[in-house]
Structures are given as C-alpha cells and as structure tokens.
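**Student:** I would like the atomic coordinates for the input below:
(one chain, ligands or ions: 2)
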Amino acid sequence: MNTDTTLAGGAVRAVPLTFHPRPGTVHARAVSGRFNTWRWAMVWLTQLVFYGGVWLTWRDGDTVRPALWMDIPHERLYLFDQVLWPQDALLFAFVLIVAALALFFVTALAGRLFCGFACPQTVYTMMFTWVEARIEGKPAARRALDAAPWAPRKAAIKGAKHALWLALAAWTAITFVGYFTPIRDLLPRLAIWDVGMWEGFWLLFYAAFTYLQAGFARESVCQHMCPYSRFQGVMTDAHTRQVGYDRRRGEPRASARSRGAGDCVDCTICVQVCPTGIDIRNGVQYACINCGLCIDACDTVMDRVGRARGLIRFASENALSGRGATTVQPRVKMYAVLFLLFAVLGVWQMVTRPEVRLDVLRDRGVLMRETADGRIENAYLLKVANLTREEVEYVAQIDGLPGATIVGNTRLRVAANSVASLRLTVSAPDDGMLRGAQPLDIVVARLGRPDENASERSRFLFRLRRFRSSRRRRENAPVQRFAARRRVARSASPAPNIAQVSGSGTATMWATKYAGPL
Ligand code: SF4
Ligand code: SF4
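**Tutor:** Ligands and ions are numbered 1, 2, ... in the order given. All right, here's what the predicted structure looks like:
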C-alpha cells in the first residue's frame, strides 16, 4: 500500500505503508551519541534500583526486615521507615494520579519520552539485544545466522543466547518475587523448590513473560500491544516536541556531492539504528518511541559530511514546518498544576497519617443483654492498629451515652505496626428514657498521651417497645388461628367439639388459656 508525501518544492514521494514496518526481527545497528548515552544511563539507573532495592534492609527496633517489601499476608507495604496499610489506599490513589499526570505532562511537552528511555519494555529489550549482540555479532551477522540452515554452530550460538536470556529472565523473576517474599528467605527455599503456590506461579510467569516480551516480542509490543502508543496521540499537538525530520532542509535527498540537493544524503543509517524499524523521514509515526537514536545516527552523518547537526531533532511540528513558534499550551500548564496539586495532597496525606486506627465491630451473636440489676449491656470488638514503631498501651473510653459505663477491661497493649483486639462491654441503665439504637462514641487513646487517639461512632441497642408487642403477637399467632377456625366451626355446627376442630390437645390448652384475652 502506498501513500504520497509532498516534498519541498512540490515534488511527491510515494511512501509504503505497512502494518509491520519491517517483517521479521529488527536487528538494529549500534550507534553512539548523547541519546544512546542517556538511554543506557536510564537502564543502569532503573535496574540498579530494581535489582538492588530488593536486597536493602531496614532495622525496626530489634528486627531487621527488607526496606522495600510488600507483605501481602499481613497487608503491609514497607517503604524504608514507612509502613503503609490498606487504610492508606487514598495515598496509593494519589501516587497513581501523580504518576499518570507526570506521564501526561511529559508526553504533552516532549512526546513518548517515557517509552524511549524508561519503559520496562524498552529497558529489557535493550538488555536482551545487548546479550544477543555479544553472542551473535553485528546486525548483518545476526541476520545471516537467522537465515542460515540449522547446523551445530548455529545451534550452539542460539543455545548460548537463549540460555543467557533465560538466566536473565529468571533472575528478573526472582527479584520481582523478592519484593513480596524476603529474598534472603526465598533463595534458599528456591534451591530446593520449596516455594508456595503463588510464589511458584509468579516466578514461572514473570520469567516466561520477560523472556518472551524482551527476547521475541520486542518492538512489536510498542507497535501493536502497548495501549499508550494508541492514545498518546490525543496528548500531543503541533506544539509538542518530538523526534522529527526536517523535511524542508533534508529534501530532495541525494548523495553529498549532488548539487542542489537537500542535506539528507539518503544513507538510511537513521533507519538502520531504529529499534522499531521505522523511517522517521516519512513523518511522525505512532511506532516511534522517541528514543532519539536516529538523531545520534544522523548527527554523526552530518558531522562526517560537514553539515550542521539537527537534520533529525527534537522539535515541534510547527518548528519543523516553519508554521509558527513552539509555545507551551494551556493543556501542558494544566497537567503541571494538577501534578503539583496532587503531589502536595499526597505529601499532606502522608504527613497527617494517624498513629493509631480503630475499627469497631458490634457483637453479631447477641444484640443486647438485660442484666439482673435492670441494665442493658452491648458487646463490641475493638480492632486497634498501632502504626508507630514501638509497643503502645491504649485505653478505651466511651462518650455520648448518658449513664453508660464500660464493664471489665479497658486496656490493650499493641505491638509496633500491629493490630490487636479488645472485647468491650458497655452497660447503660434501662430506665425507659432511651429506646432503640442510640449513638455511642468509642475512643481509644494512648496511655499518658490522650491527644494520640482514634474514635469511631457505633450504636448502643436498648429494648424496643414495638419489639415487645410484636413478640407478643408472634406468641399469640397460633392461638388466634385456632380461634378463627373455631368461629368457623361454630357457625357450621351448633355444638362444636373443640378437640375435634383442633385435632390437637396442645392447641386446646392454648385456646383454653388464652380464650379470655383474645
Ligand atoms: S524513529 Fe528515531 S526516535 Fe523513533 S523509534 Fe526510531 S530511532 Fe527512535
Ligand atoms: S541518517 Fe540523516 S542523512 Fe542519513 S538518511 Fe537519515 S536523515 Fe538522511
């Protein structure tokens, strides 16, 4: 399929459009330059954090634990000295919103920078292709090896590459699972495959995922699978700086010695170095990950032929076409303001996190109890979460219900970063003034530091008048039914036999007993 591209001077060039720009595996040519250096710097930075972070430890009192640890069985996330609980979901929400806004902001300002420099798909593809290049050689040698028939040499080279790929994928999976199961505990168990079901699943799944995605799928993920590549277009416009080819300067393409030609010498090196296999000279394309390698390649060529750098460069569509200045659009400013706003909200949420949390559950078995001295008792289960890094003793108190007192123990010791339960019985006088459900505030405060407290509103249940009458109605229902049937029987027979009508001695007794009141 072809489409036409208008060139400088009105010439038209037919550009092939294909679903996959280059069939088969893309073996990109190596290139050096500032963008390549930045890319490798990001690989080192992200992978030092990922592979190294799992080994960091943190001393918490007398215990040493992983510094970065998602403890799923106990529902804790450890981030150095911070311990986050499921109740901190709002904080997670802020983190996700800030990350999304940062991505929108960068994309609106400079296109798919994240894809080209920090996306895990890019980073692991770089690592896997680096291994491939060390074993199979330069792109031409790799293509020749792919095309060659299977022979012992090819099997040995391919086998070595896949063995290293599998080792890298396995270590990546072990590191990933190490953020959920402390890695110093995981490794010895792994040696004898003494792992739990979910540990085993994630180890195998993540290793296979990494091996397939980075070893085989590579740029296809960026082109066909990544949803971000599909919707990034709505975040960019003619003012967004992206990797672009200066058509006005480069066309018409010809060798460096041709007179009247543009600056592009049509060496195609920019295409050869592209990890996604596209030709940026055909215009901005969704498959471009803005990695800047074509800029490095073209700058090298321009240096060689003695022309100014920047034939391919980060520039807005406006700048490349000469249609106007590149300005920061209101949309970009809005992303920046929202980013700052949610970042501040997240920090505020973090700083103002309470040190104690309280959950109050009513005793589901017994709604209330009447005591011999004419009082009503309600039972509660208090779950007290101590978010500090030391053991704390808490005292339970109640508020808001006149005459109510706590019966029994009111104190509870809770270990650091733990939850403990306290059964609390509250007693209130049944003097007829209060009926039904009445509000009751339950408070737990740190012993000696009443300002460090948490409270929750619950209900205290008194007796209902309606409850009594409805109970009486339920008790009398069989008798009423019997009486109705007796009235029917009497109207049918002048001398009714109660025993015959009821057919039940018990019913007779009920009828005799309750005949009067009914
Ligand atoms: S066109 Fe250039 S910036 Fe885009 S993916 Fe290819 S090499 Fe990277
Ligand atoms: S590297 Fe530069 S000179 Fe060579 S083909 Fe690409 S744009 Fe033209």
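**Student:** can we go C-alpha only for contacts and neighbour counts from here?
**Tutor:** Will do.
**Student:** what's the helix or strand for the most centrally placed residue in the chain?
**Tutor:** Residue closest to the average C-alpha location in the chain (C-alpha atoms, centre = their mean): Leu96, at 7.2 Å. Following DSSP states H and E, one finds Leu96 within helix 89-110.
**Student:** could you check whether that helix is close to ligand 1?
**Tutor:** No. Helix 89-110 stays clear of ligand 1 (C-alpha under 6 Å from any ligand atom), getting no nearer than 11.7 Å.
**Student:** what packs against that helix?
**Tutor:** helix 113-117, helix 330-351 (3 or more C-alpha pairs under 8 Å, 6 or more residues apart in numbering; DSSP states H and E).
**Student:** Output those as a markdown table; include the columns mean neighbour count, distance to Ala379 and mean pLDDT.
**Tutor:** Converted to a markdown table, these look like this (neighbours: other C-alpha atoms under 10 Å; distance: least, C-alpha to C-alpha, whole Å; pLDDT from 0 to 100):
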| stretch | mean neighbour count | distance to Ala379 | mean pLDDT |
| --- | --- | --- | --- |
| helix 113-117 | 21 | 55 | 90 |
| helix 330-351 | 15 | 33 | 93 |
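**Student:** The stretch 201-350 of the chain: strands as residue ranges?
**Tutor:** Applying DSSP state E, counting those that start in this stretch to the stretch 201-350 of the chain gives strands spanning 242-245, 312-315.
**Student:** Name every sheet partner of the last one and say whether each one runs parallel or antiparallel.
**Tutor:** Taking DSSP bridges as the criterion, strand 312-315 sits next to strand 242-245 (antiparallel) in its sheet.
**Student:** what's the offset of the strand it pairs with from the middle of its chain?
**Tutor:** 32 Å (C-alpha atoms, centre = their mean, to the nearest Å).
**Student:** Just the CA trace of that strand, in PDB.
**Tutor:** Only the C-alpha atoms of strand 242-245 are listed here, as PDB (Å, rounded to 0.1, in the frame of the first residue of the first chain):
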ATOM      1  CA  GLN A 242       9.100  15.100  19.200                       C
ATOM      2  CA  VAL A 243      11.800  13.400  17.200                       C
ATOM      3  CA  GLY A 244      11.200  14.700  13.700                       C
ATOM      4  CA  TYR A 245      12.900  15.000  10.400                       C
END
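**Student:** can you tell me if it touches ligand 2.
**Tutor:** No. Judged by C-alpha under 6 Å from any ligand atom, strand 242-245 makes no contact with ligand 2; its nearest approach is 6.8 Å.
**Student:** what's that strand in contact with?
**Tutor:** Outside strand 242-245, the residues that touch it by C-alpha atoms under 8 Å, 6 or more residues apart in numbering are 110-112, 280-281, 283-284, 290, 292, 295, 311-317, 320.
**Student:** try 6 Å this time
**Tutor:** Ala110, Gly111, Arg281, Asn290, Ile312, Arg313, Phe314, Ala315 (C-alpha atoms under 6 Å, 6 or more residues apart in numbering).
**Student:** Please apply the same query to stretch 192-205.
**Tutor:** With contacts defined as C-alpha under 6 Å, 6+ apart, stretch 192-205 is touched by Ala173.
**Student:** Give me the mean pLDDT for it.
**Tutor:** The predicted model assigns stretch 192-205 a mean pLDDT of 93.
**Student:** List the buried residues in it.
**Tutor:** Val195, Glu199, Trp202, Leu203 (16 or more other C-alpha atoms under 10 Å).
**Student:** Of the residues you listed, which belong to helices?
**Tutor:** Among the buried residues of stretch 192-205, the ones falling in helices (DSSP state H) are Glu199, Trp202, Leu203.
**Student:** Asp279: what's its closest spatial neighbour, skipping adjacent residues?
**Tutor:** Nearest residue to Asp279, sequence neighbours excluded (C-alpha to C-alpha, 6 or more residues apart in numbering): Val271, at 5.1 Å.
**Student:** Repeat that for Arg435.
**Tutor:** Phe462 (5.1 Å).
**Student:** Make CSV from the strands of the stretch 201-350 of the chain and add mean neighbour count and mean pLDDT to it.
**Tutor:** Conversion of these to CSV gives the following (neighbours: other C-alpha atoms under 10 Å; pLDDT from 0 to 100):
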stretch, mean neighbour count, mean pLDDT
strand 242-245, 28, 92
strand 312-315, 22, 93
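**Student:** Ligand 1 is nearest to which of the ones you listed?
**Tutor:** strand 242-245 (5.5 Å; C-alpha to the nearest ligand atom).
**Student:** before we move on, the earlier item: any idea how far the residue nearest to Asp279 lies from ligand 1?
**Tutor:** Taking C-alpha to the nearest ligand atom, to the nearest Å as the measure, Val271 falls 7 Å from ligand 1.
**Student:** what's the neighbour count on that residue?
**Tutor:** 20 (other C-alpha atoms under 10 Å).
**Student:** again with Asp246
**Tutor:** 22.
**Student:** What of Ser316?
**Tutor:** Ser316: 25 neighbours (other C-alpha under 10 Å).
**Student:** Nearest residue to it in space, please, no chain neighbours.
**Tutor:** Arg241 (4.1 Å).
**Student:** Is the one you found in contact with Ala315, as I believe?
**Tutor:** Yes. Applying C-alpha atoms under 6 Å, one finds Arg241 in contact with Ala315, separated by 4.4 Å.
**Student:** where do the contact lists of these two overlap?
**Tutor:** Between them, Arg241 and Ala315 share no contacting residue, judged by C-alpha under 6 Å, 6+ apart.
**Student:** What lies in contact with stretch 411-418?
**Tutor:** Ala385, Asn386, Leu387, Thr388, Arg389, Glu390, Glu391, Val392, Glu393, Tyr394, Val395, Ala420.
**Student:** filter the residues you listed to the buried ones?
**Tutor:** Ala385, Asn386, Leu387, Thr388, Arg389, Val392, Glu393, Tyr394, Val395.
**Student:** which residues does the second one contact?
**Tutor:** Just to be clear, that refers to Asn386. Per C-alpha under 6 Å, 6+ apart, neighbours of Asn386: Val356, Asn417, Ser418.
**Student:** again with the third one
**Tutor:** For Leu387, the residues meeting the contact criterion (C-alpha under 6 Å, 6+ apart) are Glu355, Val356, Asn417.
**Student:** phi, psi of it?
**Tutor:** Backbone geometry at Leu387, expressed as degrees, to the nearest 10, gives phi -90, psi 10.
**Student:** pLDDT wise, what is it at?
**Tutor:** 88.
**Student:** Okay, domains of this structure per the record?
**Tutor:** Annotated domains of the chain cover 26-55+111-321, 356-463, 471-514 [automatic domain parsing].
**Student:** ok, the residue of the stretch 401-518 of the chain at minimum distance from ligand 2 - how many residues close by?
**Tutor:** Across the stretch 401-518 of the chain, the shortest distance to ligand 2 (C-alpha to the nearest ligand atom) belongs to Asn417, at 58.6 Å. For Asn417, the neighbour count with other C-alpha under 10 Å is 20.
**Student:** How about Ala30?
**Tutor:** Ala30 has 16 nearby residues by other C-alpha under 10 Å.
**Student:** Quick check on it: phi, psi?
**Tutor:** Dihedral angles for Ala30 - degrees, to the nearest 10 - are phi -70, psi 150.
**Student:** measure the closest residue in space to it that isn't next to it in sequence to Val332 for me?
**Tutor:** The shortest distance from Ala30 to any non-neighbouring residue, by C-alpha to C-alpha, 6+ apart, is to Val273 (6.3 Å). Distance, Val273 to Val332, by C-alpha to C-alpha, to the nearest Å: 31 Å.
**Student:** Could you point out which residue ranges in the stretch 351-500 of the chain have low pLDDT?
**Tutor:** 465-500 (pLDDT under 70).
**Student:** What segments of it are helices?
**Tutor:** 465-492, 498-502 (DSSP state H, counting those that start in this stretch).
**Student:** Repeat that for the stretch 101-250 of the chain.
**Tutor:** For the stretch 101-250 of the chain, the helices defined by DSSP H, counting those that start in this stretch cover 113-117, 120-136, 139-147, 152-178, 183-191, 197-212, 219-220, 227-231, 247-250.
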